[in-house]
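**Q** Attaching a predicted model along with its sequence, questions to come.
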Amino acid sequence: MYESFYGLEKRAFSILPDPEFLYFSRHHRSAYGMLQYGLLQQGGFVVITGEIGTGKTTLVRYLMGHLNSQVTTGLVHNTHRGFGAILEWVVSAFGIEAEAGDRVALYRTFSSFLQNENRSRRRALLIVDEAQNLNADALEELRTLSNLNASAQLLQIMLVGQPGLRDTLRQPDMVQFAQRVVVDYHLKALTQEETTTYIVHRLRVAGGKQPQLFQHRAMERVYQASKGVPRLINVLCESALVYGYASQKRSIDADLVEEVVRDRWQGVLPLATGDRTVSPRVAP
């Protein structure tokens, strides 16, 4: 739509988690370093949390794309409140064919899979995204699966989720689980300076060559409204480009971003105006 008008080869601000566009802020770089450290430890649980839209999934997908062939990865990403027993999902994530329903048979099948991986000098990494949806029973089941590492390091588990995951793991009955966590990192939003660099970075990755497509004041307004949350930055910048294209504006200024903020605030997207974070208007 607007890509050719602004000299872009692709959409610069899609909200889909695309590792190609990953921007390493200070916190994202630290989080990635901790993920790598956790994998080197080859034991225990790795826990990465962050508010909605801070780039957790994008970071994990980037990691998955840079793992060596000695790591077999299984990804569970469709967790929900009624998730139920997790073993069936784990087996499916690794592409293991097994009959559902018989938990003992599933457990044996998964154990055999891990043993075969170990004999082939590979190890298994299970990644559970949106792990804040897992209840204590599901987390306890994961802890039980980690007991398969008693004789050798066969399975490593990474949990990725919103802050509620940390709250769950802090509960008194989760002490045994928490003691097995070797990495625990909370991903934070971008600073104002990082937000500016982030916007420029995504435009560059998208093939943009126009200097200051977003004017400095416009990027400042994006930061004020988004509070540095990457997903909100993407929503605002994408909308600003659409508005700019419709108005045939060759650069995005602060007034245009303000128009986007005003329109999105009246919709369903909670944004920050000035120093206040506000929710969408509700009709009486």
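**A** Okay, I see it.
**Q** wait, what's in contact with the residue lying closest to Leu145 once chain neighbours are set aside?
**A** Excluding its sequence neighbours, the residue lying closest to Leu145 (Cβ to Cβ, 6 or more residues apart in numbering) is Leu155, at 6.5 Å. Using the backbone N, CA and C atoms, a C-beta is placed for each residue, glycine as well. For Leu155, the contact set (Cβ atoms under 8 Å, 6 or more residues apart in numbering) comprises 114, 123-126, 145-146, 148-149.
**Q** next one: Leu190
**A** Taking Cβ under 8 Å, 6+ apart as the contact definition, Leu190 lies against 25, 198, 223, 228-230, 233.
**Q** hmm, try it at 7 Å
**A** 25, 198, 228, 230 (Cβ atoms under 7 Å, 6 or more residues apart in numbering).
**Q** which stretch of helix or strand covers it?
**A** Using DSSP states H and E, Leu190 falls within no helix or strand.
**Q** Next, it: phi, psi?
**A** Reported as degrees, to the nearest 10, the phi and psi values for Leu190 are phi -80, psi 150.
**Q** and the protein, what are its domains?
**A** According to automatic domain parsing, the chain is divided into the following domains: 26-187, 190-277.
**Q** all helices for the stretch 51-200 of the chain, in order.
**A** For the stretch 51-200 of the chain, helices defined by DSSP state H, counting those that start in this stretch occupy the ranges 56-64, 87-93, 103-119, 136-146, 164-169, 175-178, 192-205.
**Q** Please render those as a markdown table that adds mean neighbour count and distance to Glu259 to the earlier fields.
**A** Listed next are the helices of the stretch 51-200 of the chain as a markdown table, based on neighbours: other Cβ atoms under 10 Å; distance: least, Cβ to Cβ, whole Å:
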| stretch | mean neighbour count | distance to Glu259 |
| --- | --- | --- |
| helix 56-64 | 20 | 28 |
| helix 87-93 | 18 | 44 |
| helix 103-119 | 15 | 54 |
| helix 136-146 | 17 | 45 |
| helix 164-169 | 18 | 35 |
| helix 175-178 | 14 | 47 |
| helix 192-205 | 19 | 17 |
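**Q** Give me the distance between Gly65 and Pro19.
**A** For Gly65, the distance to Pro19 (Cβ to Cβ, to the nearest Å) stands at 5 Å.
**Q** scratch that, Leu154 is what I was asking about
**A** For Leu154, the distance to Pro19 - Cβ to Cβ - is 27 Å.
**Q** Which pLDDT value goes with Ala100?
**A** Ala100 carries a pLDDT value of 66.
**Q** ugh, wrong one, I meant Leu22
**A** 97.
**Q** JSON lines please, covering the helices of the stretch 51-200 of the chain and showing distance to Glu130.
**A** Below are the helices of the stretch 51-200 of the chain laid out as JSON lines (distance: least, Cβ to Cβ, whole Å):
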{"stretch": "helix 56-64", "distance to Glu130": "8"}
{"stretch": "helix 87-93", "distance to Glu130": "12"}
{"stretch": "helix 103-119", "distance to Glu130": "22"}
{"stretch": "helix 136-146", "distance to Glu130": "12"}
{"stretch": "helix 164-169", "distance to Glu130": "9"}
{"stretch": "helix 175-178", "distance to Glu130": "18"}
{"stretch": "helix 192-205", "distance to Glu130": "23"}
